[in-house]
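# how would this look folded up:
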Amino acid sequence: AAAADARTAAAELGGVYRTRCEEAAEPDEASCPALKKASEAASDAATTAADVSKLVTGQNGELNTLSTHLAAFQKQAENLAQRAPNLESDLEKAVKDVNALNTGAQKVAKGAVALHTGLGNARTGSADLNTGMGKLKTGAENLDGGLFRLGDGSAELAQGLNDGVEKIPDYDKKDRDARTDVMADPVKLASKSLHAAPNYGTGFAPYFIPLSLWVGAMVAYMIIQPLNKRALSTGASAWRIAFAGWLPVAAIGILQVGALMAVLHWGLGLEMARSAGTIAFLALVTCCFASIVQWLNACFGAAGRILVLVVLMLQLTSAGGTYPVQTSPGFFGAIHPYLPMTYVVEGLRRLITGGPLGPVWLGCAVLGAFTVGALALTAFTARRKQVWSLSRLHPELSL
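Reported below is the predicted structural model:
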């Protein structure tokens, strides 16, 4: 209908243009150009309307669909227009949700790695469990066999106990009491002392007697010259000079032994198992001590008196006269066999309280060796002192 109206209007406008401008005797020059353009425009519009009418013809369904889509689009556009003010906050929330989703995805990834590792460990553990189950199976089989053997052994034990019960004697009260006493005191302790000393004085006598003899020799050589100066100046034999200085002190020592033993025996009640042997042994002891003290004084002079005291202290601490030397420090145990008083104490114990004489004979041999050795050293010292020097003529120290 619109296309037909457009053609009619274009035809009328074309008729007006022909009447006024082409067919008129005096065309209106002012309006004719405008009418011509309007006529041409109307003709073009009619042509376009015809074309559109042809194009639209048969497309009503598609236009209806398009109209529906445009209506839906209009609604969505209205919804979008309504949400436009909140679009920024919605976008921020969406970004936060995306970040949270990303963090969760990372945790899931880490959990997946841990799960992978755990699965590996579980695989290894399952292998170990499989091995352990195999061992458990073997152990169970062994246990089963052992239980059977244990059952057999229990039966044998029961049978043996039954047999043992039948063999147990039926003791009466007297026998039970006797066997109870044996079980309560199975061992009877019996002690017996060999060569016991009757008192502490007798037990300590072998220790203090040689001490007094050593002190007696030391005091004697404070009074008597160890080497006679006149004999040294006359050129006498060295051995003669040594004996001349030793014999007086040895004689005094023997007298000291007699006096000492008399006081100990009759004054203090000392009983000796072998009295004669004790006196003879002590005579050898005092001769030995006199020779040692003589050599120390002759060789070292005034310093020799200090050495006499030092040797005495070493002998007292290592002789074992009070307690066994094994309870002393190792140093005293080391010098114990090399000092004469060790053998004197052991010998006197056998002579005073009794016992085998082996230590006595050993002591005599050792003391004799010490005596001869000390006299030889004294003779050697006398030989040296027969050669006079300025230091001997003017000694730096004299007591």
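
# can we go C-alpha only for contacts and neighbour counts from here?
Fine.

# hey, where'd the helices end up in the stretch 151-300 of the chain?
173-184, 200-223, 229-234, 238-262, 275-300 (DSSP state H, counting those that start in this stretch).

# how about the CA coordinates for the second one, as PDB?
Translated: helix 200-223. The C-alpha atoms that make up helix 200-223 are tabulated as PDB, following Å, rounded to 0.1, in the frame of the first residue of the first chain:
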ATOM      1  CA  TYR A 200     100.200 -56.000 119.400                       C
ATOM      2  CA  GLY A 201     103.600 -55.500 120.900                       C
ATOM      3  CA  THR A 202     104.800 -58.900 119.600                       C
ATOM      4  CA  GLY A 203     103.300 -58.200 116.200                       C
ATOM      5  CA  PHE A 204     105.100 -54.800 115.900                       C
ATOM      6  CA  ALA A 205     108.400 -56.000 117.300                       C
ATOM      7  CA  PRO A 206     109.800 -57.100 113.900                       C
ATOM      8  CA  TYR A 207     109.200 -53.500 112.700                       C
ATOM      9  CA  PHE A 208     110.600 -51.500 115.600                       C
ATOM     10  CA  ILE A 209     113.600 -53.600 116.500                       C
ATOM     11  CA  PRO A 210     115.500 -52.900 113.200                       C
ATOM     12  CA  LEU A 211     114.500 -49.300 113.500                       C
ATOM     13  CA  SER A 212     116.300 -49.000 116.900                       C
ATOM     14  CA  LEU A 213     119.300 -50.800 115.500                       C
ATOM     15  CA  TRP A 214     119.500 -48.400 112.500                       C
ATOM     16  CA  VAL A 215     119.200 -45.400 114.800                       C
ATOM     17  CA  GLY A 216     121.900 -46.900 117.100                       C
ATOM     18  CA  ALA A 217     124.300 -47.200 114.100                       C
ATOM     19  CA  MET A 218     123.500 -43.600 113.000                       C
ATOM     20  CA  VAL A 219     124.200 -42.200 116.500                       C
ATOM     21  CA  ALA A 220     127.400 -44.200 116.900                       C
ATOM     22  CA  TYR A 221     128.800 -42.700 113.700                       C
ATOM     23  CA  MET A 222     128.000 -39.300 115.000                       C
ATOM     24  CA  ILE A 223     130.600 -40.000 117.700                       C
END
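
# Could you give the average pLDDT over that helix?
Mean pLDDT, helix 200-223: 88.

# Okay, buried residues for it please.
202-203, 205-211, 213-218, 220-221 (16 or more other C-alpha atoms under 10 Å).

# Equivalent analysis for the last one, please.
If you call a residue buried by 16+ other C-alpha under 10 Å, then helix 275-300 has these buried ones: 278-279, 281-299.

# From the contact counts, what lies against that helix?
helix 200-223, helix 238-262, helix 302-318, helix 340-353, helix 358-385 (3 or more C-alpha pairs under 8 Å, 6 or more residues apart in numbering; DSSP states H and E).

# how does it look with 6 Å?
helix 200-223, helix 238-262, helix 358-385 (3 or more C-alpha pairs under 6 Å, 6 or more residues apart in numbering; DSSP states H and E).

# got a list of contacts for the shortest one?
Helix 200-223 has contacts (C-alpha atoms under 6 Å, 6 or more residues apart in numbering) with 197, 286, 289-290, 321, 345, 348-349.

# Dump the residues you listed to TSV, plus pLDDT and distance to residue 304.
Below are the contacts of helix 200-223 laid out as TSV (pLDDT from 0 to 100; distance: C-alpha to C-alpha, whole Å):
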residue	pLDDT	distance to residue 304
197	66	37
286	95	19
289	95	14
290	95	13
321	77	25
345	92	25
348	90	28
349	88	31
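
# Please convert those residues to a markdown table, extending it with distance to residue 225.
Listed next are the contacts of helix 200-223 as a markdown table, based on distance: C-alpha to C-alpha, whole Å:
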| residue | distance to residue 225 |
| --- | --- |
| 197 | 40 |
| 286 | 17 |
| 289 | 16 |
| 290 | 12 |
| 321 | 31 |
| 345 | 29 |
| 348 | 30 |
| 349 | 34 |
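
# Please parse the protein into its domains.
1-57, 200-388 (automatic domain parsing).

# Need the winner for burial among those domains.
domain 200-388 (a mean of 18; mean count of other C-alpha atoms under 10 Å).

# Which of the helices of the stretch 151-300 of the chain comes out lowest on mean pLDDT?
It's helix 173-184: among the helices of the stretch 151-300 of the chain, that one has the lowest mean pLDDT, namely a mean of 75.

# Alpha carbons only: can I get that one in CSV?
Extracted as CSV, the C-alpha positions of helix 173-184 are listed here (Å, rounded to 0.1, in the frame of the first residue of the first chain):
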residue,chain,number,x,y,z
LYS,A,173,59.8,-84.8,111.7
LYS,A,174,63.3,-85.6,113.0
ASP,A,175,64.7,-86.1,109.5
ARG,A,176,63.0,-82.9,108.3
ASP,A,177,64.5,-80.9,111.1
ALA,A,178,68.0,-82.3,110.4
ARG,A,179,67.8,-81.5,106.7
THR,A,180,66.3,-78.0,107.5
ASP,A,181,69.4,-77.3,109.6
VAL,A,182,71.7,-78.4,106.7
MET,A,183,69.9,-76.2,104.2
ALA,A,184,69.9,-73.2,106.5
